[in-house]
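>>> coords below, sequence missing:
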């Protein structure tokens, strides 16, 4: 080898040494951490559901005095609740108000969500902000605001109605009642339905709608055969949530209710002022049965619709599929 070759040939590149990975030892705390999380979750579920179980169990208590003194199983408190005229009237008002509110809130919320999909993004942001504000605002503020609104409307409308009914012995007057409760509940629940439908619309495949238009389908047929089946789980969830929130609402109802429009939550609250009795537990248990029946019925309808269309199993109520 000549001196020239020795100078021209580059020196071999040195490969950096790869640091050896040190295998960590077994995590001895992992079983304790996992067990702690499981215990924490179990305690949360116990805290949530144990009071409900106690209410249901003690509604079958045969005692005539202290509700916590167990004296055997008995259905007499359910018989007394179902034969009580006040309970029947309150239950009827609750069902009428809840069903009417759920229908109106679902229709308005669905139409609003479909309409917002076709507006400019800046306009949509404004309406989205108003929707979130209506959900975030405390319920008692909504109750007070609607009470003031209805009172002003009543004070303005009643003199006009009196002038249109001259000489009437009992002129028609506007007062607080079922209509005011329904209007207040619809105001709040429409925002919830709107959010559910908007979330479902954002996850829909728009190519199906565009393909329907390419095949010369009318807008109504496209909506009925393409859009509506995909929105149905969110629509049912919005209907059931609206029904549940209206059926067991107390704050808004207590502000805007009128004579003869008392609901079950108002009746139960009035009874608890004199102390909790097995009758109160029986009424609360019946409310729980009505709510669960509605939810399970909606879940069954969703599962049946999914089997008919050959889609996936229905998403549980209250969870919007992505």
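Yep, it's here. The model shown is predicted, which means the values in this text are computed figures rather than measured ones.
>>> Any figure for the gap between residue 206 and residue 121?
Residue 206 sits 16 Å away from residue 121, going by C-beta to C-beta, to the nearest Å. Placement of C-beta: from N, CA and C, glycine included.
>>> higher neighbour count, these two?
Under the criterion of other C-beta atoms under 10 Å, the comparison of residue 206 against residue 121 puts residue 206 first, with 9 against 6.
>>> Let me see the ranges of the helices in the stretch 1-150 of the chain.
3-8, 30-58, 76-83, 85-116, 121-136, 139-164 (DSSP state H, counting those that start in this stretch).
>>> With the stretch 201-322 of the chain instead?
All helices of the stretch 201-322 of the chain, identified by DSSP H, counting those that start in this stretch, fall at 206-214, 219-222, 228-247, 251-256, 264-272, 278-309.
>>> Make TSV out of the ones you listed and add mean pLDDT and distance to residue 51.
Listed next are the helices of the stretch 201-322 of the chain as TSV, based on pLDDT from 0 to 100; distance: least, C-beta to C-beta, whole Å:
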stretch	mean pLDDT	distance to residue 51
helix 206-214	70	46
helix 219-222	76	49
helix 228-247	86	18
helix 251-256	89	20
helix 264-272	84	14
helix 278-309	80	10
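>>> among those helices, which is nearest residue 78?
Residue 78 lies closest to helix 278-309 among these, at 5.0 Å (C-beta to C-beta).
>>> what helices or strands is the closest one leaning on?
Helices and strands touching helix 278-309, by 3 or more C-beta pairs under 8 Å, 6 or more residues apart in numbering; DSSP states H and E, are helix 30-58, helix 76-83, helix 85-116, helix 228-247, helix 264-272.
>>> Number of residues surrounding residue 170?
6.
>>> element containing it?
Of the helices and strands defined by DSSP states H and E, none includes residue 170.
>>> For it, give its distance to residue 162.
Counting by C-beta to C-beta - residue 170 and residue 162 are separated by 11 Å.
>>> Residue 39 now?
67 Å.
>>> Tell me which of these two has more neighbours.
Higher neighbour count among residue 39 and residue 162: residue 162, with 13 against 10, using other C-beta under 10 Å.
>>> Give me the neighbour count for the nearest residue to that one once chain neighbours are set aside.
Distance criterion C-beta to C-beta, 6 or more residues apart in numbering; nearest residue to residue 162, sequence neighbours excluded, is residue 171 at 5.3 Å. Residue 171 has 13 neighbouring residues, counting by other C-beta under 10 Å.
>>> ok so, going back, turn the helices of the stretch 201-322 of the chain into CSV, columns for distance to residue 95.
Shown next, in CSV, are the helices of the stretch 201-322 of the chain (distance: least, C-beta to C-beta, whole Å):
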stretch, distance to residue 95
helix 206-214, 37
helix 219-222, 33
helix 228-247, 8
helix 251-256, 14
helix 264-272, 9
helix 278-309, 8
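>>> looking at these, which is closest to residue 45?
Closest to residue 45 of those, according to C-beta to C-beta: helix 278-309, at 16.7 Å.
>>> Which positions within that closest one qualify as buried?
For helix 278-309, burial by neighbour count (16 or more other C-beta atoms under 10 Å) applies to 278-287, 290-291, 294-295, 298-299, 302, 306.
>>> Of all residues in this protein, which one is nearest the centre?
Compute the mean C-alpha point of the chain, and by C-alpha atoms, centre = their mean the closest residue is residue 241, 3.3 Å away.
>>> secondary structure class for the nearest residue to it once chain neighbours are set aside?
Nearest-residue entry for residue 241: residue 192, 5.9 Å, with adjacent residues in sequence omitted and distances by C-beta to C-beta, 6+ apart. State at residue 192, reduced to three classes by DSSP: H, G, I helix; E, B strand; the rest coil: helix.
>>> is it true that residue 192 touches residue 238?
Yes - using C-beta atoms under 8 Å, residue 192 is in contact with residue 238, at 6.6 Å.
>>> If you count surrounding residues, which of those two has more?
The neighbour count for residue 192 versus residue 238, taken as other C-beta under 10 Å, is higher for residue 238 (29 against 20).
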